[in-house]
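*Asks:* 3D model of this:
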Amino acid sequence: MAPQMKGLTQFIMDLRAAQDAAEERKRINVEVSNIRAKFATSLTSYQKKKYVCKLIYIYLLGLSEEVRFGLDQAYDLLSSSNYLEKQLGYLLVSLLLNRTGITPLNFVQELIERTQTHLIRDLRVDSDDINILALLFIASNFNFPAVGHQKTVIITNTDPTAEFWQELIPLVYGLCVSPTSTNLVKKKASVALLALLRLCPSVLITNDNWIPRLLSLIDDTDISLILSAVPLASLLTEFKPSYAKAIMPSVAQRLYSLVVDATCPSDEFYYDTPSPWLVIKLLQLTEHYFVKTGSSDSLDATTVQSIRLVVSRSIQNALVPRLAQTSRNTHSAILFQAVSILTYLDASPDALSGAVKALVQLIDSQETNTRYLALDTLIKLVARSEAKIPFVEHLEKIFTSLHNKDISVRRKTIDLLYIVCDEMSYTQIVNHLLDYYPSSETSLRASISVKIALIAERFATDSTWYVSSMLRLLSISGSTANPNVRIDGVLEGEVWERVAQVIVNNEDLTIKACKYIVNILRKSSGAPEGDSLMKVSAFVLGEFGYKLAEQSNSENEQFGINSQFQILYDSYFTSSLLTRPLILSAFLKFINRFPKADFVPDIMDLLEVETLSLDLEIQNRASEFLKIATFLVSSNYEDVSFAKSLLLPLPPFENKENKLLRQLGSLALVNRSTSSFKRTLVGSPAPNGPDNSENFDEKSNPFFEDEAPKPLPLTPNWYGGYHRMLQYDAGIFYEDQLVKLTYKIQRSGYAYTISFTIINNAARNSGATISAFTVSDISTDNKGEYIVNLTKTPDLTITDRSSMEFEARICDIVENKCGPVISISYKCSGSFNSLRLKIPISLLKGLSGTTMASIDDFKKRWVQIGTLLGVEEGELSGLLCAPHRYNCAFLASTLQRIGFAIVQKTPDNPGENIMITGAGILKTLKSNYGVLISLRSTDLDAKAFQLTVRATGAGLSAIMFGLVQEILSLQN
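*Replies:* As a prediction, the model looks like this:
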């Protein structure tokens with residue numbers, strides 16, 4: 001294009017030949033004026049493209065406002081039938097759109113109003129090139145990803161532009177799933193649809209049937225198409241979490257083929273690695289599923305084993321020495337993502353140890369990013385693992401990262417040390433952090449202080465070690481342990497405050513703490529101490545210093561009260577204004593305990609001087625304390641009693657929450673065990689970890705705030721197989737031209753297994769293969785009356801036949817017509833097909849016959865049930881009509897087949913009435929129930945029957961009555 005546009009080429013050469021910026025700007029102004037004038041006239045196709053290209057070049061020079069006038073011309077180019085003009089139009093519109101000074105919502109509203117007509121037309125054109133232009137424009141200009149957990153733009157049904165979106169989105173969806181669309185178009189369409197669904201999630205509510213078709217893109221053979229579809233699949237499973245489980249077998253199989261089998265088209269290899277981008281995205285999708293469910297228990301054994309092998313092979317590949325940096329980076333990236341799901345797979349200790357070894361090796365990497373990611377992945381691995389992972393042998397290598405040149409690596413190393421700390425390593429880690437503290441950056445010191453305090457409190461079993469370590473921390477931390485202020489203005493807890501709480505709540509620590517404080521302050525020899533140490537010193541000595549003085553037996557010894565006072569008094573004038581009020585409080589408590597001591601006049605003079613302090617807090621406190629101190633030293637008993645009532649000993653802290661945990665950020669969610677010493681110190685359990693037991697609950701899904709999706713209808717002709725399964729333990733469940741499902745039931749009390757065989761009918765008719773065969777959903781409508789699990793998944797590709805198994809357990813009385821609906825999707829001959837079939841969960845499957853010696857025993861039990869529950873709750877009787885004549889043998893065999901033992905039946909004589917009685921025991925997980933049945937014809941033609949059912953469970957007779965009525969096809 002460029003060689004043909006001589007004017008554009010000359011314009012660029014003129015700008016490059018300009019001597020200075022002024023000359024260049026002058027040339028641009030001349031050209032802009034010329035383009036303005038030309039746009040007002042009729043232009044040829046060549047001229048339009050030439051002038052638009054000049055505007056694009058001027059824009060690239062940074063002069064966006066000077067070319068904004070060309071936006072209208074760009075919109076006109078969108079209407080052109082010429083591909084190059086349309087291409088330049090889309091490009092210029094994307095560049096010249098004004099995104100400043102306008103909200104994202106108003107931006108997309110204005111843009112869709114101006115471009116919707118052009119986009120609709122271009123998406124309907126039977127041209128891949130034109131389709132792709134529109135799709136790329138949508139993907140780039142309507143893409144507003146969520147920031148954190150907040151969506152930046154949401155288009156609701158009440159939005160004035162809602163109709164535009166509702167017309168546009170189905171066209172993009174159609175290009176995604178159409179069998180006539182090329183893979184290149186599908187790739188662009190999936191990216192565009194992702195952007196549109198983020199804007200308009202409500203579209204999925206009214207088009208719930210889209211999800212299986214879109215998820216089937218993951219089963220495609222084109223690697224690049226799958227790569228484009230994975231982000232879309234992640235969004236769809238967020239909207240409909242139950243579908244996440246359905247695609248996991250396909251994801252696991254794809255990962256296995258890429259990582260373990262290393263099978264991939266040659267053009268998708270990156271050096272020696274098959275499609276690492278797709279591997280990482282599929283592992284991310286797997287991690288998303290595990291984070292939602294909390295474990296891999298809901299997946300079938302084959303899928304879990306495949307994922308385990310993928311993770312294992314990823315670790316092995318990362319341990320192999322490689323010369324090429326690109327190859328090392330590739331396998332390291334896969335390792336980071338694979339290890340993040342390792343703990344959800346019930347990994348063995350050897351597997352965890354191997355993962356840790358591989359990650360620790362990467363800590364020595366010369367690449368800063370690799371080191372950071374290795375540390376971050378180790379944190380995830382330890383935080384999510386319930387098993388104890390030993391790190392003692394790796395601590396020295398981790399310690400070396402504290403001296404890395406990059407501060408982000410050092411910060412992540414500190415987080416890792418906090419996470420991996422346990423009963424065996426806490427002293428080593430704390431001592432090393434204390435040694436590292438003085439040389440660390442100021443921005444890291446607050447984090448180090450918090451983590452040292454939490455580690456010591458969590459694991460310490462020696463009270464002496466705890467006190468000495470904490471006071472050492474406070475002595476070197478200075479004022480770095482000051483409170484952090486949250487956005488809402490609430491002060492977080494300081495380290496010294498937590499240390500003080502622990503000392504107050506543990507009486508055996510008080511004297512030890514006082515001794516350590518006196519020794520530390522004496523060794524300072526008048527040098528100014530940090531605020532944190534002085535605050536805890538004033539607090540502890542003021543509250544418990546008298547105990548140390550009494551133990552020393554003399555006030556003149558080094559630990560006597562006079563010595564304690566002198567130490568605090570010497571430090572008072574070098575302390576900060578925030579610390580001085582605490583020292584004044586300690587002095588007042590000294591007077592309370594020792595009103596006749598020699599230092600009392602010095603305290604009184606200090607308080608009197610501080611009443612004139614410029615600091616309001618010190619001034620108020622000094623005035624109040626001076627008045628109280630005057631009462632304490634007076635000879636009036638009432639004044640002394642009143643003053644002492646204001647200075648009662650501090651009671652133990654009742655607030656068990658450790659505010660330091662709030663300063664951990666994301667690490668605060670880590671669930672770690674506590675030591676016995678911590679329970680002794682504060683009497684509180686460890687911080688709660690994340691609740692990984694979260695189940696997929698669509699009621700909590702943000703997409704369902706306004707309305708819930710309507711359930712999809714069942715597949716036509718579903719009832720035949722449903723009715724057959726009610727009374728037969730084997731048979732055909734469903735059949736059409738493409739697929740046939742047969743079943744076989746194996747009973748075991750209240751539990752039974754349904755084995756399905758999927759037969760490819762299309763192979764017999766046209767030789768076609770069924771692909772992407774997936775059980776995408778199992779929707780239940782019960783409240784715990786039964787449990788259904790898919791224990792064996794079918795093969796994704798079915799050339800002849802495959803199998804799947806469901807395990808059902810009857811937990812309580814199940815209502816009639818109750819059962820799960822399974823959603824099946826598959827591809828055959830390029831078409832997408834779906835089935836929604838209902839499986840009956842019937843009480844009859846837990847019914848087994850019970851023998852009775854005679855009809856007298858039956859009558860006796862019949863009367864007992866009536867007496868126990870009454871006729872209203874224990875019995876249901878009704879007159880039923882049959883569509884045709886039934887004989888006694890048929891009815892008896894039917895009742896036997898569904899689980900009753902026949903107690904008595906009349907001979908099969910045409911001229912006599914039919915009378916059949918049966919008995920059975922219904923087994924459920926909750927309890928067992930007795931069921932008796934009586935079936936008697938009321939006419940000689942055997943078309944009208946009196947059916948009576950008695951059962952030992954309340955309401956059970958009505959359910960069994962309805963089941964027998966449905967099986968025999970009787971009508972009221």
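*Asks:* from the chain's centre, how far out does stretch 276-286 sit?
*Replies:* 17 Å (Cα atoms, centre = their mean, to the nearest Å).
*Asks:* pLDDT on that stretch, on average?
*Replies:* The average pLDDT for stretch 276-286 rounds to 92.
*Asks:* buried sites along that stretch?
*Replies:* By neighbour count on 16 or more other Cβ atoms under 10 Å, the buried set for stretch 276-286 is 276-286. Every C-beta, even on glycine, is put in place using the N, C-alpha and C of the backbone.
*Asks:* likewise for stretch 297-310?
*Replies:* Residues of stretch 297-310 classed as buried: 298-300, 303-304, 306-308, 310 (neighbour count, 16+ other Cβ under 10 Å).
*Asks:* need the buried residues of stretch 276-286 in CSV (columns: secondary structure and distance to Asn519).
*Replies:* Conversion of the buried residues of stretch 276-286 to CSV gives the following (DSSP: H, G, I helix; E, B strand; the rest coil; distance: Cβ to Cβ, whole Å):
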residue, secondary structure, distance to Asn519
Pro276, helix, 59
Trp277, helix, 61
Leu278, helix, 63
Val279, helix, 59
Ile280, helix, 56
Lys281, helix, 59
Leu282, helix, 60
Leu283, helix, 55
Gln284, helix, 55
Leu285, helix, 59
Thr286, helix, 56
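*Asks:* for Arg371, state which of these is nearest.
*Replies:* Ile280 (18.8 Å; Cβ to Cβ).
*Asks:* so how far is Tyr344 from that closest one?
*Replies:* 17 Å (Cβ to Cβ, to the nearest Å).
*Asks:* then Thr851?
*Replies:* 50 Å.
*Asks:* repeat for Ala246
*Replies:* Ala246 is 18 Å from Tyr344, by Cβ to Cβ.
*Asks:* now do the buried residues in whichever helix or strand Ile618 is part of.
*Replies:* Element membership for Ile618, per DSSP states H and E: helix 616-632. For helix 616-632, a neighbour-count test (16+ other Cβ under 10 Å) marks 618, 621-622, 625-626, 628-629, 631-632 as buried.
*Asks:* helices or strands next to the following helix or strand past that helix in the packing?
*Replies:* Of the helices and strands lying after helix 616-632 in sequence (DSSP H and E), the nearest is helix 637-645. In terms of contacts (3 or more Cβ pairs under 8 Å, 6 or more residues apart in numbering; DSSP states H and E), helix 637-645 is packed against helix 616-632.
*Asks:* how far off helix 637-645 does the helix it packs on point, in degrees?
*Replies:* Helix 616-632 runs at 140 degrees relative to helix 637-645, counting by axes from the mean of the first three to the mean of the last three Cα atoms, to 10 degrees.
*Asks:* then helix 616-632 to CSV, C-alphas only?
*Replies:* Extracted in CSV, the C-alpha atoms of helix 616-632 (Å, rounded to 0.1, in the frame of the first residue of the first chain):
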residue,chain,number,x,y,z
LEU,A,616,-2.5,18.9,74.7
GLU,A,617,-2.5,15.2,75.6
ILE,A,618,0.5,15.6,78.0
GLN,A,619,-0.9,18.7,79.5
ASN,A,620,-4.3,17.2,80.3
ARG,A,621,-2.8,14.0,81.6
ALA,A,622,-0.3,15.9,83.8
SER,A,623,-3.0,18.0,85.3
GLU,A,624,-5.2,15.0,86.1
PHE,A,625,-2.3,12.9,87.4
LEU,A,626,-1.0,15.8,89.6
LYS,A,627,-4.4,16.0,91.3
ILE,A,628,-4.6,12.2,91.8
ALA,A,629,-1.0,12.2,93.1
THR,A,630,-1.8,14.9,95.6
PHE,A,631,-4.6,12.8,97.0
LEU,A,632,-2.3,9.7,97.2
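*Asks:* tell me what that helix is packed against?
*Replies:* Counting by 3+ Cβ pairs under 8 Å, 6+ apart, helix 616-632 packs on helix 580-593, helix 600-610, helix 637-645.
*Asks:* so which of those helices is nearest Gln727?
*Replies:* Distance to Gln727, taken as Cβ to Cβ, is lowest for helix 580-593 among the helices and strands packed on helix 616-632, at 83.1 Å.
*Asks:* about what we covered before: what's the most buried one of the helices and strands packed on helix 616-632?
*Replies:* helix 580-593 (a mean of 22; mean count of other Cβ atoms under 10 Å).
*Asks:* sorry, back to before: mind putting the helices and strands packed on helix 616-632 in CSV, distance to Leu258 and mean pLDDT included?
*Replies:* Compiled in CSV, the helices and strands packed on helix 616-632 are given as follows (distance: least, Cβ to Cβ, whole Å; pLDDT from 0 to 100):
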stretch, distance to Leu258, mean pLDDT
helix 580-593, 63, 88
helix 600-610, 74, 89
helix 637-645, 77, 85
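*Asks:* quick check: the gap between Gln325 and Asp122.
*Replies:* With Cβ to Cβ as the criterion, Gln325 and Asp122 are 43 Å apart.
*Asks:* higher neighbour count, the two?
*Replies:* Asp122 (22 against 12; other Cβ atoms under 10 Å).
*Asks:* which non-adjacent residue is nearest the more buried one?
*Replies:* Leaving out its chain neighbours, the residue that sits closest to Asp122 by Cβ to Cβ, 6 or more residues apart in numbering is Ala134, at 3.9 Å.
*Asks:* tell me, how many residues neighbour the nearest residue to Leu373 once chain neighbours are set aside?
*Replies:* Distances taken as Cβ to Cβ, 6+ apart place Phe336 nearest to Leu373, at 5.1 Å, with adjacent residues excluded. Per other Cβ under 10 Å, the neighbour tally for Phe336 reads 24.
*Asks:* in which helix or strand does Phe336 reside?
*Replies:* helix 325-339.
*Asks:* buried set for that helix?
*Replies:* Quick answer for helix 325-339 (16+ other Cβ under 10 Å): 327-339.
*Asks:* if you rank every helix and strand of the chain by mean pLDDT, what lands last?
*Replies:* Scoring the helices and strands of the chain by mean pLDDT, DSSP states H and E places helix 676-682 at the bottom, with a mean of 37.
*Asks:* next secondary structure element downstream of it?
*Replies:* Next in line after helix 676-682, if elements are assigned by DSSP H and E, sits helix 719-727.
*Asks:* so what secondary structure elements neighbour the helix or strand following that following helix?
*Replies:* Once the chain leaves helix 719-727, the next helix or strand it forms, by DSSP H and E, is strand 730-735. Secondary-structure packing of strand 730-735 (3+ Cβ pairs under 8 Å, 6+ apart): helix 719-727, strand 739-748, strand 831-838.
*Asks:* could you check the angle helix 719-727 makes with the shortest one?
*Replies:* Right, the one you point to is strand 831-838. Going by the same axes, to 10 degrees, strand 831-838 makes 40 degrees with helix 719-727.
*Asks:* next SSE after strand 831-838?
*Replies:* Following strand 831-838 in sequence, per DSSP H and E, is strand 847-849.
*Asks:* next one: that following strand to chain centre, how far?
*Replies:* 45 Å.
*Asks:* can you name every helix or strand that it contacts?
*Replies:* For strand 847-849, the packing partners by 3+ Cβ pairs under 8 Å, 6+ apart are strand 915-923.
*Asks:* check the offset of the strand it packs on from the chain's centre.
*Replies:* Computed by Cα atoms, centre = their mean, the chain-centroid distance of strand 915-923 equals 50 Å.
*Asks:* give the partner strands of it in its sheet and their orientations.
*Replies:* strand 847-849 (antiparallel), strand 901-905 (antiparallel), strand 928-937 (antiparallel) (DSSP bridges).
*Asks:* buried stuff in the helix or strand that the longest one is followed by?
*Replies:* Using DSSP H and E, the helix or strand that follows strand 928-937 in sequence is strand 944-951. For strand 944-951, the neighbour count (16+ other Cβ under 10 Å) marks 945, 947-951 as buried.
*Asks:* many thanks, we can stop here.
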